[in-house]
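Asker: Just the structure for this:
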Amino acid sequence: MSNSNDQSAESSPTNTTGQAENSSTTGSLPLEFEDSELFRNDTVFVLSSASVVKPVGTAPGEMCPVADIKSNAYYALNDNHPHWRRMLSTSYMRTMFTNSAKPSQKQTRVLRLFDLDHHGWASVEHCLQYLKLEPIDPDYASRFAMGDNKSHAFSRAEASVARRAGQKALLSDEQVRDWNERRPRCILRSQWAKFQQNEDLAQVLLATGDAKLVSITGKSKVERVERELMIVRKMLREGRDGRAILGLSADEEVTFESILHDIEDDEEDSFNVTVTIPKYSKPKTSTNGTTISPAPNTAVAAASVSNDKPATANDTTKAEESAPALKPMNVTDAMAYIQNIREHRDPTVYDNFLKIMTEFKSQRINTPQVLERVATLFKGQPTMIRQFMQFLPPGHVLQSADAEKSDAQPIYVLTPAGSRIIIDPTTGTIQT
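Answerer: Residues are numbered from 1 along each chain as shown. Now for the predicted structure:
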């Protein structure tokens, strides 16, 4: 007999891929992705249930290009979600203080984080302990699930307590091997449910861009590559519906609903985590780290040609002040963008877009090449071209003249290296 400690399964295999099956007990992941499609090797973020409040790329074990750190490319994480590492961990729980006659005796109340398999879960960790033990001891496993009325204390205990309770169960060697095989798929399903049902958490996940996400657990400090979480990130970014993850056929409906949290109740979150969806008012960075800045002086140049008068310094200043900066997109806008492409009158547009994204994320084409292909795909549709900029790597700056005056005006993209890419939305051509 073996203790069910998860140490042996902490290290994620390099390739845990496979085809989807209609069973939640299948161990292989339902989607095939190369590492290059999921993350970039020069950026590593370490997720932790501890309260690590440090700038992106500066926590122990993390790595980030100096240019991205200096330019604050991950502004959405640094400024809006200081506890983002914990929010993305499997131990993250939503809690709030309950009212009490004596303020000094306030107690925390655990909120349901997500639904999966007809149960409510306080965290991904609670769900994993249930999925591990349910085939072996259903009664004991049910203690980790949140019921409609009364539920066991384990279901609302800290995630670390739930983990230790699950590890106390004695498993045979065969049962340990079975769990090690099922574990990647169980993690993927749990993570998908968590982020699909919580938009604010999905925004935090997308704000990590293409960084490699890892966690360090146990006394031996074993590093586990969070491959399943990065698959969820890719699925959300591309607007996929998750049927393959949940083991549903193409004609089956996803039955669970998004859980809506009362923002006023969540204000006193005992973890001090900002749970409201951020309202970006600064022209800085979108949820994936893409910087937004005011438009260049193209509007002034066009005006000077039409009026046969040279542009003055005052004209330039006025134009810069009047040209509005494009607002960063949140996850809802990103998914709406994908949905617009999916519903395009020409069905080949969506297929071509997915091919472009696949080649771009696998680094088979660079940024100028992907912009050229996107501009060609959406020739004559400047709005679609501009909105694509949210998918560029952190550090790129989108500049555009006043779109309300003329859709034919060029679109400018500044690269982290300081060079400029000019896109002609009318012809679909670019200049570098």
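Asker: Tell me who's in contact with V110.
Answerer: The contact partners of V110, taken as C-beta atoms under 8 Å, 6 or more residues apart in numbering, are M93, R94, T95, A122, R156. C-betas here are computed from N, CA, C, even on glycine.
Asker: residues near the second one, how many?
Answerer: Right, R94. R94 has 24 neighbouring residues, counting by other C-beta atoms under 10 Å.
Asker: give me the number of residues near G428?
Answerer: By the criterion of other C-beta under 10 Å, G428 has 18 neighbours.
Asker: And the helices in the stretch 1-150 of the chain, which stretches?
Answerer: Applying DSSP state H, counting those that start in this stretch to the stretch 1-150 of the chain gives helices spanning 35-38, 66-70, 75-80, 84-87, 124-133, 138-141.
Asker: what is the mean pLDDT for stretch 338-358?
Answerer: Taken as a whole, stretch 338-358 carries a mean pLDDT of 84.
Asker: er, stretch 420-432 actually
Answerer: 85.
Asker: Show me the contact partners of that stretch.
Answerer: By C-beta under 8 Å, 6+ apart, the residues outside stretch 420-432 that reach it are 367-368, 371-372, 375-382, 385, 407-415, 419.
Asker: Can you show me the strands along the stretch 51-200 of the chain?
Answerer: Taking DSSP state E, counting those that start in this stretch to define them, one finds strands in the stretch 51-200 of the chain at 94-98, 107-111, 114-116, 119-121, 170-171.
Asker: Tell me which strands the third one pairs with, and in which orientation.
Answerer: Right, the one you point to is strand 114-116. In the sheet, strand 114-116 lines up against strand 119-121 (antiparallel) (DSSP bridges).
Asker: go on, the last one?
Answerer: For strand 170-171, the paired strands and their directions (DSSP bridges) are strand 2-3 (antiparallel).
Asker: Would you mind writing the ChimeraX command to select the buried ones in the contacts of stretch 420-432?
Answerer: Listed next is the ChimeraX selection for buried residues among the contacts of stretch 420-432, using 16 or more other C-beta atoms under 10 Å:
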select :367,368,371,372,375,377,378,379,382,385,409,410,411,412,413,414,415
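Asker: Quick one, which of the helices of the stretch 1-150 of the chain gets closest to V349.
Answerer: Taking C-beta to C-beta, helix 35-38 is the member of the helices of the stretch 1-150 of the chain nearest to V349, at 21.2 Å.
Asker: Could I have the CA atoms of that closest one written out in CSV?
Answerer: Only the C-alpha atoms of helix 35-38 are listed here, as CSV (Å, rounded to 0.1, in the frame of the first residue of the first chain):
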residue,chain,number,x,y,z
ASP,A,35,5.6,23.4,-26.6
SER,A,36,6.2,26.3,-29.0
GLU,A,37,2.5,26.7,-29.5
LEU,A,38,1.9,27.1,-25.7
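Asker: coming back round to it: out of the helices of the stretch 1-150 of the chain, which one sits most buried?
Answerer: Among the helices of the stretch 1-150 of the chain, ranked by average contacts under mean count of other C-beta atoms under 10 Å, first place goes to helix 124-133 (a mean of 26).
Asker: Just the residues contacting that helix, thanks.
Answerer: With C-beta under 8 Å, 6+ apart as the test, helix 124-133 has contacts from 4, 24, 90-92, 113-114, 116, 119, 121, 140-142, 144-146, 154-155, 159-160, 162-163, 165-166, 169, 179, 182-183, 186-187, 190-191, 193-194.
Asker: Name whatever forms a beta bridge with L414.
Answerer: V397, R420.
Asker: quick revisit: can you lay out the strands of the stretch 51-200 of the chain as a markdown table showing mean pLDDT and distance to P393?
Answerer: Formatted as a markdown table, the strands of the stretch 51-200 of the chain follow (pLDDT from 0 to 100; distance: least, C-beta to C-beta, whole Å):
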| stretch | mean pLDDT | distance to P393 |
| --- | --- | --- |
| strand 94-98 | 66 | 31 |
| strand 107-111 | 72 | 35 |
| strand 114-116 | 91 | 30 |
| strand 119-121 | 92 | 34 |
| strand 170-171 | 88 | 43 |
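Asker: what ranges of the stretch 1-150 of the chain fall below the confidence cut-off?
Answerer: Within the stretch 1-150 of the chain, the segments meeting pLDDT under 70 span 1-31, 51, 96-108, 148-150.
Asker: Quote the end-to-end distance of stretch 212-228.
Answerer: End-to-end distance of stretch 212-228 (C-alpha to C-alpha, to the nearest Å): 11 Å.
Asker: If you count neighbours, what's buried in it?
Answerer: Quick answer for stretch 212-228 (16+ other C-beta under 10 Å): K212, L213, V214, S215, T217, R224, V225, E226, R227, E228.
Asker: One more: stretch 349-357?
Answerer: For stretch 349-357, the neighbour count (16+ other C-beta under 10 Å) marks V349, Y350, N352, F353, L354, I356, M357 as buried.
Asker: can you tell me which residues contact the fifth one?
Answerer: With C-beta under 8 Å, 6+ apart as the criterion, the residues that contact L354 are E238.
Asker: ok, now the first one?
Answerer: When contacts are counted by C-beta under 8 Å, 6+ apart, V349 touches I341, L377.
Asker: Could you check how far it is from Q381?
Answerer: To Q381, V349 is 10 Å away according to C-beta to C-beta, to the nearest Å.
Asker: now swap in the third one and tell me
Answerer: As defined by C-beta to C-beta, N352 lies at a distance of 14 Å from Q381.
Asker: Same question for the fifth one.
Answerer: Note on L354: its distance to Q381, by C-beta to C-beta, is 17 Å.
Asker: So for D241, which of the strands of the stretch 51-200 of the chain sits nearest?
Answerer: Of the strands of the stretch 51-200 of the chain, nearest to D241 by C-beta to C-beta is strand 114-116, at 15.5 Å.
Asker: related to what we said a few turns ago, dump the strands of the stretch 51-200 of the chain into a markdown table; add distance to I136 as well.
Answerer: Formatted as a markdown table, the strands of the stretch 51-200 of the chain follow (distance: least, C-beta to C-beta, whole Å):
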| stretch | distance to I136 |
| --- | --- |
| strand 94-98 | 29 |
| strand 107-111 | 25 |
| strand 114-116 | 19 |
| strand 119-121 | 17 |
| strand 170-171 | 7 |
